[in-house]
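J.: what would the 3D arrangement of this be:
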Amino acid sequence: MKILKINRLLTLTTGALILASCATQPPPPPPPPEKSPEVVEPLPPSPKYIQVALRDADIIGQKIWMNEGSAKIENLTVWNKGEDFASLGIGHFIWYPAGRDGRFTETFPALLAFLQQQSIDIPVWLRNTPDAPWNSYEAFKLQEQSQEMTQLRTLLLNTIPQQAQFIIRRLEKALPKMVETLPTEKQRNQVLEQFYRVAETPNGIYALVDYVNFKGEGTALSERYQGQGWGLLQVLENMAGNTANVMEEYAQAAEFVLRRRIQNSSPERNESRWFPGWKNRVNTYTYQL
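T.: Residues are numbered from 1 along each chain as shown. Model (predicted):
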């Protein structure tokens with residue numbers, strides 16, 4: 001009897017195992033879906049005023065070079081007496097020596113990076129050179145006719161269109177930068193309105209590009225005397241906004257903030273010596289290109 005029970009148990013167990021082995025196996029899990037290729041969103045088109053500026057970059061570049069250096073090759077590399085930085089290129093882009101952190105915004109290293117992005121061949125000594133290699137006006141003057149300085153002037157002479165494009169990019173970034181510093185909607189609307197009034201006039205694009213290169217956006221707290229700036233933001237804030245001659249209005253506002261800068265500056269800087277040249281420059285905003 002016991003043997004029969006054991007045999008019966010074995011039979012039942014074996015049958016269950018056979019049935020289990022014959023049961024339909026669950027299907028394998030589906031493979032993970034293939035990753036769709038990443039969609040690169042196209043960059044938004046540049047504002048119309050920037051498109052116009054890029055179209056006229058060569059003319060604007062030559063005009064800025066005339067304003068900054070009388071369109072002379074030797075004035076592409078300058079260190080003005082009494083200043084603690086070199087002024088280079090058509091826009092007199094600032095380059096500080098090592099250890100200097102001056103009041104004014106340094107722009108030449110960013111220009112070099114931009115030229116390299118444009119596949120411009122940079123002299124070996126200029127590559128990966130974050131600081132100006134001259135530590136004073138006297139050191140700069142001693143090297144003025146050196147091989148390196150000649151290479152630098154040649155580079156700057158051959159890249160005038162690219163330098164103009166670099167300045168135009170600065171203008172493109174300037175408007176949002178200026179607007180976001182203003183605390184009230186009324187002030188923001190005022191600046192936007194004046195900006196576009198100027199931009200829509202025949203000479204306005206040049207005037208905006210030139211001034212932002214000449215005296216900056218007006219947003220840096222370091223570029224203020226007695227709390228008052230002299231950049232593009234301050235020019236737009238001081239436009240009357242209600243005259244028929246927009247460029248006269250713009251030039252007058254520019255002259256006002258530059259006079260105020262001189263009044264607010266330290267007497268030992270003797271900034272009034274620069275005013276005749278500054279005035280001549282802003283007067284060009286009222287002329288046709």
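
J.: only C-alpha atoms for contact and neighbour calcs from this point on.
T.: Will do.

J.: what's the spacing between residue 235 and residue 211?
T.: 9 Å (C-alpha to C-alpha, to the nearest Å).

J.: what about the spatially most central residue of the chain, helix or strand, and which?
T.: Central residue of the chain (C-alpha atoms, centre = their mean): residue 170, 3.7 Å from the mean position. In the assignment (DSSP states H and E), residue 170 maps to helix 160-179.

J.: would you mind writing the CA trace of that helix as CSV?
T.: The C-alpha trace of helix 160-179 is given here as CSV (Å, rounded to 0.1, in the frame of the first residue of the first chain):
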residue,chain,number,x,y,z
ILE,A,160,38.7,95.0,-40.0
PRO,A,161,35.4,93.3,-41.1
GLN,A,162,35.7,90.7,-38.4
GLN,A,163,36.4,93.4,-35.8
ALA,A,164,33.3,95.3,-36.9
GLN,A,165,31.3,92.0,-36.6
PHE,A,166,32.6,91.6,-33.1
ILE,A,167,31.5,95.1,-32.1
ILE,A,168,28.1,94.5,-33.8
ARG,A,169,27.7,91.4,-31.6
ARG,A,170,28.3,93.5,-28.6
LEU,A,171,25.4,95.8,-29.6
GLU,A,172,23.1,92.8,-30.1
LYS,A,173,23.8,91.7,-26.5
ALA,A,174,23.6,95.3,-25.2
LEU,A,175,19.9,95.9,-25.5
PRO,A,176,18.6,93.0,-23.3
LYS,A,177,21.6,93.7,-20.9
MET,A,178,20.6,97.3,-20.5
VAL,A,179,16.9,96.7,-20.2
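
J.: quick check: mean pLDDT of that helix?
T.: Throughout helix 160-179, pLDDT has a mean value of 94.

J.: got it, and stretch 108-116?
T.: The predicted model assigns stretch 108-116 a mean pLDDT of 96.

J.: one more: stretch 187-200?
T.: Confidence over stretch 187-200 (mean pLDDT, whole number) is 96.

J.: now that stretch: buried residues?
T.: 188, 190, 191, 192, 194, 195, 198, 199 (16 or more other C-alpha atoms under 10 Å).

J.: the fifth one: what's it in contact with?
T.: Yep, that's residue 194 we're talking about. Shown in contact with residue 194 (C-alpha atoms under 8 Å, 6 or more residues apart in numbering): 236, 237, 239, 241.

J.: just how off-centre is whichever strand or helix holds it within its chain?
T.: Assigned by DSSP H and E, residue 194 belongs to helix 185-199. Centroid separation for helix 185-199 versus its chain: 20 Å, with C-alpha atoms, centre = their mean, to the nearest Å.

J.: got the angle between it and helix 160-179?
T.: 160 degrees (axes from the mean of the first three to the mean of the last three C-alpha atoms, to 10 degrees).

J.: so for residue 23, what's the pLDDT?
T.: pLDDT, residue 23: 45.

J.: swap in residue 70?
T.: So residue 70 comes in at 94 (pLDDT).

J.: now it: how far from residue 119?
T.: With distances taken as C-alpha to C-alpha, residue 70 is found 28 Å from residue 119.

J.: same thing with residue 163?
T.: Relative to residue 119, and taking C-alpha to C-alpha, residue 163 is found at 13 Å.

J.: before I go, just wanted to say thanks for your time.
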